[in-house]
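Chemist: Predicted model follows, preceded by the sequence.
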Amino acid sequence: MGASRTEYSDDEYRAFEKVHIRESLKNKEVDETELDNFLRRVFYLAFDSTNSAEYYKLKDRIHQLQQEQQLPDKIIYYLATPPVMYELVPTCLKENGMNVAGSEDGWRRVIVEKPFGTSLESAERLNKHLIHIFDEKEIYRIDHYLGKETVQNILVLRFSNGIFEPLWNRNYIDSIEISASETLGVENRGKYYDGAGALRDMIQNHLMQLMAFTAMESPSVFDPEPIRDEIVKVFRALRPYKTHDMDNLIVRGQYDGYREEKNVAPDSTTETYVAMKMFIDNWRWSDVPFYIFTGKKLPEKSSEIVVNFKSTPHQLFAGQCSGGSCNKLIIRIQPNESITLKFGLKMPGAGFTVKQVGMDFRYDSLSKNYLPDAYERLLLDAMLGDSTLYARSDALEASWRLIDPILHHWKEEGAKNLFFYAPGEDGPIEKAKLGMIPKDCPCQSCQ
């Protein structure tokens with residue numbers, strides 16, 4: 001059931017949604033009968049969600065539908081609302097007795113969108129507020145990146161294949177890169193983005209979660225809590241940035257023209273690009289750099305994880321790559337979800353000249369059936385009570401403990417150490433000081 005202020009009848013709302021469903025499936029054949037059967041189970045209520053006195057309308061409508069449709073006492077509240085409503089809506093639900101089930105086998109769950117707080121203090125406050133209303137096991141903090149098939153495949157790739165796990169450590173891995181780049185600017189999101197920036201918008205949630213999946217130890221069993229325990233351990237092992245590290249190991253940038261975007265301050269120091277060099281201080285990853293970077297108005301739209309393996313201790317062959325740039329495992333999250341393994345092979349002909357080649361696996365080749373998108377997968381998991389791919393409160397707070405001091409440092413510095421780059425460039429040139437391995441092999445024989 002949808003609920004909002006806009007005045008719709010059930011039929012008007014169904015017609016509205018039918019248009020959107022057809023648009024989203026425009027390249028696929030639509031079974032009109034099946035679509036109509038689905039929409040008959042969709043309902044709508046117009047009410048003011050900011051007014052606790054109006055929640056009786058929602059409570060009565062839910063009870064009515066449960067009786068008419070013979071539905072179980074199992075309800076999920078999905079807060080697809082502005083972040084300022086994340087505390088208000090649960091409070092109103094509690095005031096109207098809607099946060100607890102009315103039967104022994106019933107349940108109530110709440111899904112909260114990102115951003116989950118804008119700082120450590122606000123995240124802790126929101127966590128305490130929600131846990132006062134719902135149990136932790138009833139709170140689902142959604143991050144759509146974790147619903148992507150390739151992200152989930154990280155766990156399978158690592159823990160179901162004996163050929164990777166023995167190499168997945170500081171002895172064989174030179175560095176790991178985790179990135180999300182976009183070709184677009186802020187578009188119509190200037191008001192939100194100027195108050196958030198790339199560090200809050202992408203790194204604190206999406207990319208740090210990807211890092212945790214890449215770096216975590218194997219859980220003892222494949223159950224939600226043991227998996228989430230291992231994620232928390234990764235965040236707690238992150239090396240905190242000292243003040244001088246924030247200038248030497250982090251590069252923040254802003255694309256030229258950002259300050260002219262709609263709803264952006266003319267003197268804004270909000271970053272649209274961030275590159276960070278992180279370290280995880282544990283036995284597996286000691287001194288292995290993790291490069292995390294994201295940005296807008298970059299040359300390519302992509303999200304991927306690149307594992308750079310160490311080179312052989314001695315180069316025997318002409319053209320052989322060195323510096324950890326030849327042997328790579330590339331996990332492409334979007335677009336064209338895939339996994340590529342790159343290594344050196346002899347070029348045809350006389351002599352032993354090496355060239356980098358790749359073995360590619362495209363995820364869509366595994367199944368010709370419809371693959372659910374990230375939100376479909378995550379919403380189904382919430383219905384089933386599976387919290388594996390949802391963030392837990394201690395993990396969120398641990399990630400904020402790393403990010404919060406950086407935000408405070410940037411606020412104090414203002415425009416100092418904010419570097420600019422032209423749209424279409426690969427970020428500010430100052431990122432070179434972090435020492436990231438070139439994306440493409442620099443060896444002459446590989447060009």
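Modeler: Nice, I can see it. Numbers count the residues shown, from 1 in each chain.
Chemist: And for the spatially closest residue to Asn248 that is not a sequence neighbour, the neighbour number?
Modeler: Nearest residue to Asn248 in three dimensions, chain neighbours excluded: Lys433, at 7.3 Å (Cβ to Cβ, 6 or more residues apart in numbering). In short, each C-beta sits where N, CA and C put it, glycine included. By other Cβ atoms under 10 Å, the residues close to Lys433 number 13.
Chemist: so what's Lys433 scoring on pLDDT?
Modeler: Per-residue confidence (pLDDT) for Lys433: 91.
Chemist: That one belongs to a helix?
Modeler: Yes: according to DSSP: H, G, I helix; E, B strand; the rest coil, Lys433 belongs to a helix.
Chemist: The helix or strand of the chain with the lowest mean pLDDT: what's the following helix or strand?
Modeler: Least confident helix or strand, the chain: strand 354-362 with a mean of 82, by mean pLDDT, DSSP states H and E. Next helix or strand after strand 354-362 toward the C-terminus (DSSP states H and E): helix 374-384.
Chemist: Show me what the helix or strand that that next one is followed by is packed up against.
Modeler: For helix 374-384, the succeeding helix or strand toward the C-terminus, using DSSP H and E, is helix 393-413. Here helix 393-413 touches helix 120-133, strand 139-141, helix 208-215, helix 224-236, helix 243-248, going by 3 or more Cβ pairs under 8 Å, 6 or more residues apart in numbering; DSSP states H and E.
Chemist: ok, now with 6 Å
Modeler: Using 3 or more Cβ pairs under 6 Å, 6 or more residues apart in numbering; DSSP states H and E, the elements in contact with helix 393-413 are helix 120-133, helix 224-236.
Chemist: does Gln204 really touch Ile403, like I thought?
Modeler: Yes: in this structure, Gln204 is within contact of Ile403 by Cβ atoms under 6 Å, at 4.8 Å.
Chemist: Can you pick out the residue with more neighbours from those two?
Modeler: Gln204 (27 against 20).
Chemist: Name the residues that touch the helix or strand where Asp36 lies?
Modeler: Assessed by DSSP H and E, Asp36 sits inside helix 32-39. With contact meaning Cβ atoms under 6 Å, 6 or more residues apart in numbering, helix 32-39 is reached by Arg14.
Chemist: chain center to it: distance?
Modeler: Distance, stretch centre to chain centre, for helix 32-39: 32 Å (Cα atoms, centre = their mean, to the nearest Å).
Chemist: and what of stretch 429-438?
Modeler: With Cα atoms, centre = their mean, you get 24 Å for stretch 429-438.
Chemist: now do stretch 112-131
Modeler: Using Cα atoms, centre = their mean, the offset of stretch 112-131 from its chain centre is 17 Å.
Chemist: Would you mind listing the buried residues in it?
Modeler: 112-118, 120, 122-123, 126-127, 130 (16 or more other Cβ atoms under 10 Å).
Chemist: What is the least confident helix or strand of the chain packed up against?
Modeler: strand 338-346.
Chemist: now the helices and strands packed on helix 393-413 as TSV including mean pLDDT and distance to Phe38?
Modeler: Formatted as TSV, those follow (pLDDT from 0 to 100; distance: least, Cβ to Cβ, whole Å):
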stretch	mean pLDDT	distance to Phe38
helix 120-133	94	31
helix 224-236	95	29
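Chemist: Give the buried residues for stretch 299-307.
Modeler: 302-307.
Chemist: Stretch 83-99 too?
Modeler: So stretch 83-99, judged by 16+ other Cβ under 10 Å, has buried residues 83, 86, 88-90, 92-94, 96, 98-99.
Chemist: same question, stretch 23-38
Modeler: For stretch 23-38, by 16+ other Cβ under 10 Å, it's Leu35.
Chemist: Now the terminal residues of it, how far apart.
Modeler: 16 Å (Cα to Cα, to the nearest Å).
Chemist: mind checking how far that stretch is from the chain centre?
Modeler: With Cα atoms, centre = their mean, you get 29 Å for stretch 23-38.
Chemist: With adjacent residues omitted, what lies nearest to Ser9?
Modeler: Tyr44 (7.3 Å).
Chemist: Surely that neighbour touches Tyr13?
Modeler: Yes: counting by Cβ under 6 Å, Tyr44 does reach Tyr13; the two are 3.7 Å apart.
Chemist: What strand or helix carries Cys92?
Modeler: helix 88-95.
Chemist: Tell me how many other residues crowd Leu210.
Modeler: Counted with other Cβ under 10 Å, Leu210 comes out at 25.
Chemist: circling back: and the buried residues of stretch 112-131 as CSV, adding distance to Pro166?
Modeler: Putting these into CSV (distance: Cβ to Cβ, whole Å) gives the following:
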residue, distance to Pro166
Val112, 39
Glu113, 39
Lys114, 36
Pro115, 38
Phe116, 36
Gly117, 39
Thr118, 41
Leu120, 37
Ser122, 42
Ala123, 37
Leu126, 41
Asn127, 38
Leu130, 41
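Chemist: wait, which of those residues is closest to Ile330?
Modeler: Lys114 (26.2 Å; Cβ to Cβ).
Chemist: Pop the domain breakdown of this structure in here.
Modeler: 2-143, 145-373+392-446 (automatic domain parsing).
Chemist: Highest mean neighbour count out of those domains?
Modeler: domain 145-373+392-446 (a mean of 17; mean count of other Cβ atoms under 10 Å).
Chemist: rewinding a little: for the least confident helix or strand of the chain, which strands pair with it and how are they oriented?
Modeler: Using DSSP bridges, strand 354-362 pairs in its sheet with strand 338-346 (antiparallel).
Chemist: And the furthest pair within the buried residues of stretch 83-99?
Modeler: Pro83 and Asn96 (21.9 Å).
Chemist: residue contacts, the spatially most central residue of the chain?
Modeler: Closest to where the C-alpha atoms of the chain average out (Cα atoms, centre = their mean) is His206, at 2.5 Å. Residues counted as contacts of His206 (Cβ under 6 Å, 6+ apart) are Tyr145.
Chemist: what about this protein, any weak spots by pLDDT?
Modeler: Within the chain, the segments meeting pLDDT under 70 span 27, 317-325, 350, 367-371, 437-447.
Chemist: Tell me how far Arg236 lies from Asp229.
Modeler: 11 Å (Cβ to Cβ, to the nearest Å).
Chemist: ok so, going back, Throw the domains of the chain into TSV and include distance to Ala382, thanks.
Modeler: As requested, the domains of the chain are exported to TSV (distance: least, Cβ to Cβ, whole Å):
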stretch	distance to Ala382
domain 2-143	5
domain 145-373+392-446	11
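Chemist: right, and these - which one's nearest Met383?
Modeler: Of those, nearest to Met383 by Cβ to Cβ is domain 2-143, at 6.7 Å.
Chemist: My reading is that Ile76 is in a helix; is that accurate?
Modeler: No: Ile76: not assigned to a helix; according to three-state DSSP it is strand.
Chemist: For it, which residues are in contact?
Modeler: Contacts of Ile76 by Cβ under 6 Å, 6+ apart are 109, 382.
Chemist: Alright, that wraps it up for me.
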